[in-house]
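Novice: Sharing a model prediction with you, sequence too.
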Amino acid sequence: MAKIAFIGLGNMGGPMAANLAKAQHHVTAFDLSDAAVQAAVEKGAHKAASAAEAVKGAEIVVTMLPAGKHVRGVYESDVLPNVAKGTLLIDCSTIDVDSARHVAGLAQKAGLDMVDAPVSGGVGGATAGTLTFMVGGGDAAFAKARPILEKMGKNIVHAGASGNGQAAKICNNMILGVSMIAVGEAFMLAKRLGLDAQKLFDVASTSSGQCWALTNYCPVPGPVPASPANRDYQAGFTAAMMLKDLMLAQQAANAAGASTPLGAEAAQLFNMFVNNGHAAKDFSGIVKMIDGK
């Protein structure tokens, strides 16, 4: 049993912390939301009054925070000044690559092992413990982090050096955002041509149009019963979160001098969808905007 501090108990962090407690680890939890902390306590965690208090005495610190500025702030002000030597740091937030590498550099200077380990799999995966972790960091840090990550996820991929976990996450989600738009456009074209959605699915899912956005998350009701399209686009992964990841990809592309015209267009379209009041809808709901509704 490890002593784990978990900071950030939102839609993803709460279930992840619960799975660590379920695995018999001693989890000390903190979030700015008292309700989120209370929910974690009900799942077996122990309450901390602050992030700084949570990490004192911890062998492992796990963070799940909204953005790079929050990660920088928490690590610089609360984590690094208060953790003991030998503490392993795991940041599961999805943030910009520069912030991930900046914080990892500070940890290295303090003599601490750290990995960036953003996730894929949504709230369902966080609850079920089936997340995919894309991990950036040294081999030794990855080896230490893996047993902890395996209590929260099913697929643990070492992407390389610090920041590469974030790079893998934003590249993957750029593919997803672009492909969801393409799938949505195809189904709306089929609709106007009088082609039944199920017939298009039957063809595309078994031929060259096959992709995850189609076969697992089809954006129109019917063909994939488990997709949000059959629940009025109740979010598994919100449009706001997809926009965040697409903007992170564009920020990274601009910094690296990479050309991503489809990624840029996808970011603009999701920005329009979110600004039209659909931030909390599932990202696959963008098919409604494509349909002109």
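Specialist: Looks like it came in fine. Numbering: from 1, shown residues only.
Novice: Averaged pLDDT, the helix ranked longest in the chain. What do you get?
Specialist: Ordering each helix of the chain by length in residues (DSSP state H) puts helix 164-192 first. Helix 164-192 carries an average pLDDT of 98.
Novice: same question, stretch 88-104
Specialist: Averaging pLDDT along stretch 88-104 yields 97.
Novice: do stretch 31-46 as well
Specialist: Per-residue scores along stretch 31-46 average to 97.
Novice: Endpoints of it, how far apart?
Specialist: With C-alpha to C-alpha, to the nearest Å as the measure, stretch 31-46 spans 12 Å from end to end.
Novice: what's in contact with that stretch?
Specialist: Applying C-beta atoms under 8 Å, 6 or more residues apart in numbering, the external contacts of stretch 31-46 come out as 6-10, 13-14, 17-18, 21-22, 26-30, 47-48. Bear in mind the C-beta positions are built from the backbone N, C-alpha and C, glycine included.
Novice: Can I have the buried ones of those residues as a ChimeraX selection?
Specialist: To isolate the buried members of the contacts of stretch 31-46 in ChimeraX, using 16 or more other C-beta atoms under 10 Å:
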select :6,7,8,9,10,13,14,17,18,21,26,27,28,29,30,48
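Novice: Which of the contacts of stretch 31-46 fall within strands?
Specialist: In strands, judged by DSSP state E, the following of those are found: Phe6, Ile7, His26, Val27, Thr28, Ala29, Phe30, Lys47.
Novice: Which two among those residues are spaced furthest apart?
Specialist: Ile7 and His26 (15.1 Å; C-beta to C-beta).
Novice: Go through stretch 271-290 and flag the buried ones.
Specialist: 273-274, 278-279, 281-290.
Novice: any chance of those residues in a markdown table, plus pLDDT and secondary structure?
Specialist: Putting the buried residues of stretch 271-290 into a markdown table (pLDDT from 0 to 100; DSSP: H, G, I helix; E, B strand; the rest coil) gives the following:
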| residue | pLDDT | secondary structure |
| --- | --- | --- |
| Phe273 | 98 | helix |
| Val274 | 98 | helix |
| His278 | 98 | helix |
| Ala279 | 97 | coil |
| Lys281 | 97 | coil |
| Asp282 | 96 | strand |
| Phe283 | 97 | helix |
| Ser284 | 98 | helix |
| Gly285 | 98 | helix |
| Ile286 | 98 | helix |
| Val287 | 98 | helix |
| Lys288 | 97 | helix |
| Met289 | 98 | helix |
| Ile290 | 98 | helix |
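Novice: Out of these, which two are the most distant from each other?
Specialist: Greatest spacing in the buried residues of stretch 271-290, by C-beta to C-beta: Ala279 and Ile290 (17.2 Å).
Novice: any idea whether Pro219 is helix, strand or coil?
Specialist: Look at Pro219: counting by DSSP: H, G, I helix; E, B strand; the rest coil, its state is coil.
Novice: if I look at it, how far off is Leu243?
Specialist: 16 Å (C-beta to C-beta, to the nearest Å).
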